[in-house]
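A.B. asks: turn this into a structure:
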Amino acid sequence: NEKKISVIEGFGIRAEDFSEFASMYSGTEGTQFHAVNLGTAYVSNNIQNEVGLTDWKKFAGERSYNSCMIVPIKKFGKVIGTFNVYSSEADFFSITEIALLEEATSDISFALEIFEKERLKALSDEALLQSEKLLKESQSNLKAVINNTDAYIYSLDTDFRYLTFNQRLASSVKDIYGFDIKPGDIVFDFLNETDPEEAMEWANVYKKALSGVILQFEKEFRVGDQHTYTDFSIHPILENNTVIGLSCYAIDITKQKLEEQYNKKITADLIQRNKDLEQFSYIVSHNLRAPVVNILGLTNLLIGNVVTGKERQMTENHLHTATEQLDNVIKDLNNVLVVKREINEKREKVIFSELIENIKSSIQNVIEKEQVEIITDFSAVDSIMTLKGHLYSIFYNLISNSIKYSRHGVAPVIKVTSEKKGKCIVLRFKDNGIGIDLEQHRDSVFGLYKRFHFEVEGKGMGLFMTKTQVETLGGKISISSEVNKGTEFCIELEP
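C.D. replies: Numbers count the residues shown, from 1 in each chain. Below is the predicted model:
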C-alpha cells in the first residue's frame, strides 16, 4: 500500500514548494523511499550525479539543491515520518554532521515515544477512573437492590465466616436471636449456645455445599410460639474449578406454606364432613328409622284400641323402650356434634403422666379388680399443648377398652409411650387383650355403632368418639392388632 506524505514544518523553503515535496514521493523514484520503506537514512552529496531520481533531479536543480539528507523518524520501531535537510552546496554532509543529524532524529523519536506513552497512560488513567466510577455506581445499585429485596442474601468463605450479607438478614438475626452479625463471624455461632443441635445441623449443610453440591430445601423455624418457613438455595462459588466459598439465598415462604396448610385443612375438613354426612345419613336411615317405625306401629295399635288389657300394657312398655332407643341415638349424635364444636376451646399444656394418674384414680376399683398393670414411658416427650378434655377422653377410652377387652384369665398389661416423629408427637397404647380380626374388620374399626365382641357389653361408640376427638385435634389414629395377642393404637398429633 502506497504511503501518503504530508509536510508538517519547514524552514528556508518556500511555502509554495511544500506540496511539491509531498508529491515527490512515488515508489523508488523519490528520496523518501529509502527512509520510509527501508527505515534507513538517505544521504546524497551530489544530487545530479545520483542514479535514477529523474523527477527529483529536475525539481532539485530548479531550486539549486545539490546535497540532501533524509533521516527516518520512528516511534516504537515504526517509521512515522522523516527529517529532511537540503543544501545548495555539494558535498555538504560530512560524517560528523550525518552522525549528529541521526542522533537528533533519534532524540525526536525517543521524545515521541515518551509523549505517546504519556498520552496512552492518560487515556488509560481516564478509562480506569471511568471504570471505577461505573463499578462504584454498579456496586451501589447492586447493594441497593440486595438491601431492598425481601430475600436473605449472604456469602460465606470456606471457614463458614460471613463475607457479605444484606440488611434483611442482619435485622432478622437481631430481632429473633438478639445477635449482631458482622463480616468474619461464623454463620452459626449465635446458635451454639441457644441450640447446639441446630448449629451442628447447619454445619453439616454448609459442609455438603462446600463439597460442590448445590442445595435447595425448605426449613421450618420455631421461635417461641411462632412458626416460619424459609426456602434456601445454597450454591458453591468456584474459582479455577475449586470451591472458594458459598453464595446463599433464602426467602420467607411462611405465607405460602400457611395458605397451603390451610387449603389442605379445608380439603381434609370437606372430606371429613362428607364422611360425617354419610355416617349421619346411615344413622338416620338405620338407627333412627328402626325406633321411629316401632313407635309409629305401637302408637297406631294404642290409638286404634286394637290391643287391650295385658297386651296394651306390653305395647306401652315396648313403646317406652323404643322411645328410649330413639333418645339414646339422639344423645349419641349430640355428643358427636359437641366434640366437633369444642375445637374452639383454649389449648393448654397437658402432662401425660398426670393424665394417666387422673385416669388411674377414677377407675382404681376396676384396676384392682382386674389386676391391671399400666406401664408408661414419656421420656421422649412428656407433654403437649392441646385441648385437655379431648386428650383425657382419648386416653380414658383406649385404656378402658384395653381393660374391657382383656383375655379371660390373663391380667391386662397396658403400655403407654410417647415418641417424637419429625414435628409430630406419637402416642402408642399397646395391650395384651383379645385383639381384633383386622382382615375382616379393618374398614369398620372406627365406625359408629360398630361392635366386634358381642360377649362384652357396649354400644360401639368408644372408638368412633376416640377417632373423632383425635381428628378434631388435627391428628390421626391407626390400629394394628392380632387375635388373642393384643392391640396397639398409634396416635399422631402436631403440638
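A.B. asks: low pLDDT regions in the stretch 51-200 of the chain?
C.D. replies: Counting by pLDDT under 70, the stretch 51-200 of the chain contains low-confidence residues at 137-147.
A.B. asks: and the strands in it?
C.D. replies: Assigned by DSSP state E, counting those that start in this stretch, the strands in the stretch 51-200 of the chain fall at 67-75, 78-87, 151-157, 162-165.
A.B. asks: give me the contact list for the longest strand along the chain.
C.D. replies: Assignment by DSSP state E gives strand 226-239 as the longest strand of the chain. Defining contact as C-beta atoms under 8 Å, 6 or more residues apart in numbering, one finds that strand 226-239 is touched by 152, 155, 205-206, 209-210, 212-221, 243-254, 256-258. Every C-beta, even on glycine, is put in place using the N, C-alpha and C of the backbone.
A.B. asks: gap between residue 482 and residue 438?
C.D. replies: Computed as C-beta to C-beta, to the nearest Å, the residue 482 to residue 438 distance reads 8 Å.
A.B. asks: okay, these two: which has more neighbours?
C.D. replies: Neighbours were counted for residue 482 and for residue 438 using other C-beta atoms under 10 Å; residue 438 has more, 15 against 12.
A.B. asks: just to check, that one is in contact with residue 445?
C.D. replies: Yes - here residue 438 lies in contact with residue 445, judged by C-beta atoms under 8 Å, at a distance of 7.3 Å.
A.B. asks: got any residues that touch both of these two?
C.D. replies: Common neighbours of residue 438 and residue 445 (C-beta under 8 Å, 6+ apart) are residue 479.
A.B. asks: still on that earlier bit, and the contacts of strand 226-239, which of them are buried?
C.D. replies: For those, a burial check counting by 16 or more other C-beta atoms under 10 Å picks out 152, 155, 205-206, 209-210, 245-253, 257.
A.B. asks: give me the contact list for stretch 52-68.
C.D. replies: Contacts of stretch 52-68 (C-beta under 8 Å, 6+ apart): 17, 20, 24, 26, 28-31, 42-48, 50, 84-93.
A.B. asks: looking at the residues you listed, which are in helices?
C.D. replies: residue 20 (DSSP state H).
A.B. asks: just the buried residues from the contacts of stretch 52-68, in PyMOL please.
C.D. replies: Buried residues among the contacts of stretch 52-68 (16+ other C-beta under 10 Å), as a PyMOL selection:
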select buried, resi 24+30+31+42+43+44+45+47+50+84+85+86+87+92+93
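A.B. asks: thinking again about what came up before, what's the most buried one of the strands of the stretch 51-200 of the chain?
C.D. replies: Greatest average neighbour count among the strands of the stretch 51-200 of the chain goes to strand 67-75 (a mean of 20), per mean count of other C-beta atoms under 10 Å.
A.B. asks: what ranges do the strands span in the stretch 201-350 of the chain?
C.D. replies: Under DSSP E, counting those that start in this stretch, the stretch 201-350 of the chain gives strands at 215-223, 226-239, 242-252, 348-351.
A.B. asks: how far away from the center of its chain is the first one?
C.D. replies: It refers to strand 215-223. 7 Å (C-alpha atoms, centre = their mean, to the nearest Å).
A.B. asks: tell me where the model's unsure across the stretch 201-350 of the chain.
C.D. replies: In the stretch 201-350 of the chain, residues with pLDDT under 70: 223-225, 272, 275-291, 325, 329, 332-345.
A.B. asks: 80 - rerun?
C.D. replies: The stretch 201-350 of the chain contains residues with pLDDT under 80 at 222-227, 265, 268-269, 272-298, 301-309, 312, 315-316, 318, 322, 324-347.
A.B. asks: residue boundaries of the helices in it?
C.D. replies: Using DSSP state H, counting those that start in this stretch, the helices of the stretch 201-350 of the chain run over residues 254-282, 289-303, 309-341.
A.B. asks: for the second one, enumerate the helices and strands it packs against.
C.D. replies: Which is helix 289-303. For helix 289-303, the elements it packs on are helix 309-341, judged by 3 or more C-beta pairs under 8 Å, 6 or more residues apart in numbering; DSSP states H and E.
A.B. asks: my guess is residue 160 meets residue 203, correct?
C.D. replies: Yes - under the criterion of C-beta under 8 Å, residue 160 makes contact with residue 203 at 7.1 Å.
A.B. asks: shared neighbours, the two?
C.D. replies: residue 188.
A.B. asks: what's the neighbour count on the residue nearest to residue 82 when sequence neighbours are not counted?
C.D. replies: Spatial nearest neighbour of residue 82, chain neighbours left out: residue 35 (4.6 Å); criterion: C-beta to C-beta, 6 or more residues apart in numbering. Neighbour count for residue 35, taken as other C-beta under 10 Å: 24.
A.B. asks: can I assume residue 35 sits in a helix?
C.D. replies: Yes - Residue 35: assigned to a helix according to DSSP: H, G, I helix; E, B strand; the rest coil.
A.B. asks: quick one: contacts for it?
C.D. replies: So residue 35 contacts 41-42, 70-72, 79, 82 (C-beta under 8 Å, 6+ apart).
A.B. asks: tabulate the residues you listed (TSV), appending distance to residue 167.
C.D. replies: Shown next, in TSV, are these (distance: C-beta to C-beta, whole Å):
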residue	distance to residue 167
41	71
42	73
70	71
71	68
72	65
79	61
82	66
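A.B. asks: which pair of these spans the longest distance?
C.D. replies: Within the contacts of residue 35, 42 and 79 form the most distant pair, 12.2 Å apart (C-beta to C-beta).
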